[in-house]
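Peer 1: sequence plus predicted model, see below.
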Amino acid sequence: MINSEIEAEIRRMFAENYELMRIEGGHSLSADVKETALNQVIHYWRKMKDVAENVTDTEVKLNLPELTTSQGRKYGIEGVVDIIREEDKTVMYDIKTHDSDYVRANTAEYEKQLNVYAHIWQGLRGQELDQTAIIATSYPKAIANALKENNERRLAKELESWNPLIDIPFKQENVEETIREFGEVVEAIESREFKPPSVDKLKSSLPGKKYTFAVQVCRNCDARFSCSAYRNYIRSSAAKSDSMLKRFLNDFGSDLEREDWRFSNLAVTPSPEDEDTVGEVSSPM
Ligand code: SF4
């Protein structure tokens, strides 16, 4: 397939997937949001096509079964990775929808998960790995801005400097500790311990980001209105600024989310003529 055919196929598959998800999930996207998502897929393909074309095993399922938590609960760890085998080299990739700057600033977080996958691959499958890496598919804000401004020169420059591939070193010595930490999370979930982090954590800046945890994570969390940590964060911030409390009480999502909700629902709301028709058809008379 030549490049233009591949991109046409990506567009076709994107439209098909979107339609499936819309029917299954009952959520629609406005044309703008859909275009942004498609742009992300196309630019990701253009940037990563050398890697994508060489993948030898896609979506390889890894499974570490029969683990036991400190309290004796059984659990297993599962993951999905891509593998590239070239002559004398094997590389494992884990694809994340996060942005590359964030992954680079938080490699320790990703290292843990990828190291367990590498351990499963090498230990259970008995196959050596030469490299492990994360592919961060979300493009940086600079690219999003260049696309919004329709600035082709800036877009070309930003795409050139975008590097979604982040090497993650394999450290066998950390694997046991990571598996134990997974067990602790399982234990907390099974014991129904869902305590949110402290307000101080919400106020702290995320590594690699200029925003705080509250702005970057909580503002996108569906549980924020019933979360005691978020409410306390708003209260303590509102003590300094009255507008903060008003913002919380009037928080119906971002402008984009609201606009998206309005447009996508308008698009699927039947017109008065349709309603008449529906009424006639469904009438038992
Ligand atoms: S609002 Fe959501 S992300 Fe933020 S602390 Fe509460 S549960 Fe966690």
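Peer 2: Received the coordinates, thanks.

Peer 1: would you list the phi and psi of Ala144?
Peer 2: Backbone torsions of Ala144, given as degrees, to the nearest 10, read phi -60, psi -40.

Peer 1: count the residues that sit near it.
Peer 2: Residues near Ala144, counting by other CB atoms under 10 Å, number 16. To be clear about C-beta, it is placed using only N, CA and C from the backbone, and glycine gets the same treatment.

Peer 1: mind checking how far it is from the ligand?
Peer 2: Ala144 is 23 Å from the ligand, where distance means CB to the nearest ligand atom, to the nearest Å.

Peer 1: pLDDT at Glu275, what is it?
Peer 2: The per-residue pLDDT reported for Glu275 equals 48.

Peer 1: what does the protein put close to the ligand?
Peer 2: With CB under 6 Å from any ligand atom as the criterion, the chain meets the ligand at residues 196-197, 217-218, 221, 223-224, 227, 229-230.

Peer 1: just the buried ones from those?
Peer 2: Buried subset of those (neighbour count, 16 or more other CB atoms under 10 Å): 196-197, 217-218, 224, 227, 229-230.

Peer 1: ok, back up a step: a markdown table please, covering the residues of the chain next to the ligand and showing pLDDT, distance to Glu160 and secondary structure.
Peer 2: As requested, the residues of the chain next to the ligand are arranged in a markdown table below (pLDDT from 0 to 100; distance: CB to CB, whole Å; DSSP: H, G, I helix; E, B strand; the rest coil):
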| residue | pLDDT | distance to Glu160 | secondary structure |
| --- | --- | --- | --- |
| Pro196 | 89 | 41 | coil |
| Pro197 | 91 | 38 | coil |
| Val217 | 85 | 30 | coil |
| Cys218 | 88 | 34 | helix |
| Cys221 | 85 | 35 | coil |
| Ala223 | 86 | 40 | coil |
| Arg224 | 86 | 38 | helix |
| Cys227 | 91 | 41 | coil |
| Ala229 | 92 | 41 | helix |
| Tyr230 | 91 | 39 | helix |
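
Peer 1: hang on, Asp94 in a helix?
Peer 2: No: the assignment for Asp94 (DSSP: H, G, I helix; E, B strand; the rest coil) gives strand, which keeps it out of a helix.

Peer 1: in the sheet, who's paired with it?
Peer 2: Applying DSSP bridges to Asp94 gives these bridge partners: Ile134.

Peer 1: show me what contacts it?
Peer 2: 79, 81-82, 110, 113-114, 117, 132-135 (CB atoms under 8 Å, 6 or more residues apart in numbering).

Peer 1: swap in 6 Å and give it another go.
Peer 2: By CB atoms under 6 Å, 6 or more residues apart in numbering, the contact list for Asp94 reads 81, 114, 134.

Peer 1: residue ranges for the strands of the stretch 101-250 of the chain, please.
Peer 2: Assigned by DSSP state E, counting those that start in this stretch, the stretch 101-250 of the chain shows strands spanning 131-138, 165-167.

Peer 1: dump the first one to CSV, keeping only the CA atoms.
Peer 2: Extracted C-alpha coordinates of strand 131-138, given in CSV (Å, rounded to 0.1, in the frame of the first residue of the first chain):
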residue,chain,number,x,y,z
GLN,A,131,15.0,-2.5,24.6
THR,A,132,11.7,-1.4,26.2
ALA,A,133,10.0,1.8,25.3
ILE,A,134,6.8,3.8,25.6
ILE,A,135,5.1,5.4,22.6
ALA,A,136,3.1,8.4,23.8
THR,A,137,0.5,9.1,21.1
SER,A,138,-1.0,12.4,22.3
